[in-house]
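Asker: pasted the sequence and its predicted model underneath.
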Amino acid sequence: MGLYARLLLPRLTDLAMRGREVAAERDWLIPQAAGRVLEIGAGSGLNLRYYGSAVTSVLAVDPSRELWRLAAPRLPGARVPVRFVAASGEALPLRAASVDTVVLTWTLCSIPDPRAALAEIRRVLVPGGRLLFVEHGRAPDASVRRWQERLTPLWRRVSGGCHLDRPIDDLIRAAGLHFGALEARYVGRPRFGTYFYRGEAHSPAARRT
């Protein structure tokens, strides 16, 4: 890992994810979490202050220890117990059906294998458990999509693997998770990086015998 990826990129990521529009999305999404929460791509802990009393604990998973070091000053502001685990979304160190809520905020864009990560999410959710998400991804307008496709190869190299053009709704649906709510819209500019998907999906409920 080079100096850029190890030292500079985590700080740039933390700074970029503090914007007003992004904070408004966190404020809308995170308070909906409840029970045992798994946050994948916890990064520098920008979600922590939004968790409410319905949450019993948060397991914060991220492959970047450098980003998590930036989260340390934010830990005292958390109102719930938080534990960090250095791991990838594609191989979660959790038993099946062990969490009530999974939280994803601008994470699926940079996970190397989003399909594997979503399969893991379905595995660790309890029957009927919820995935809460806000992500950016593939835009509906052809002209914007063309720019996303052109820029993604370079963007990935400078942004820690971020893809601009992933079809977030299709990926979640293909994992066998069922949408309870889904919104998709442009949030600010540039349009190639601000088409946001947000909502809730749930794992299949246990069958009655």
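Answerer: That came through fine. Residues are numbered from 1 along each chain as shown.
Asker: please make it C-alpha for all contacts and neighbour counts, starting now.
Answerer: Noted.
Asker: assess the claim that Glu200 and Leu177 are in contact.
Answerer: No. Using C-alpha atoms under 8 Å, Glu200 is not in contact with Leu177; the gap is 9.6 Å.
Asker: partner strands of the longest strand seen in the chain, parallel or antiparallel?
Answerer: Looking across the chain with DSSP state E, the single longest strand is strand 125-136. In its sheet, strand 125-136 lies beside strand 99-105 (parallel), strand 195-202 (antiparallel), with partners assigned from DSSP bridges.
Asker: mind listing the strands for this protein?
Answerer: According to DSSP E, the strands that the chain contains are 35-40, 55-62, 82-86, 99-105, 125-136, 178-186, 195-202.
Asker: how far away is Arg122 from Arg130?
Answerer: 9 Å (C-alpha to C-alpha, to the nearest Å).
Asker: more crowded one of the two?
Answerer: Per other C-alpha atoms under 10 Å, whichever of Arg122 and Arg130 has more neighbours is Arg130, with 28 against 25.
Asker: pretty sure the more buried one contacts Ala205?
Answerer: No. Counting by C-alpha under 8 Å, Arg130 does not reach Ala205; the two are 10.6 Å apart.
Asker: pLDDT weak spots in this protein?
Answerer: For the chain, residues meeting the criterion pLDDT under 70 lie at 1, 206-209.
Asker: please name the nearest non-neighbouring residue to His163.
Answerer: Closest residue to His163 apart from its sequence neighbours, by C-alpha to C-alpha, 6 or more residues apart in numbering: Cys109 at 5.0 Å.
Asker: and for the one you found, the neighbour number?
Answerer: A total of 22 residues lie near Cys109 under the criterion other C-alpha under 10 Å.
Asker: phi first, then psi, for it.
Answerer: The phi/psi pair for Cys109 (degrees, to the nearest 10) reads phi -70, psi -30.
Asker: adjust the sequence numbering to begin at 45 for everything that follows.
Answerer: Sounds good: first residue 45 from here, last item Cys153.
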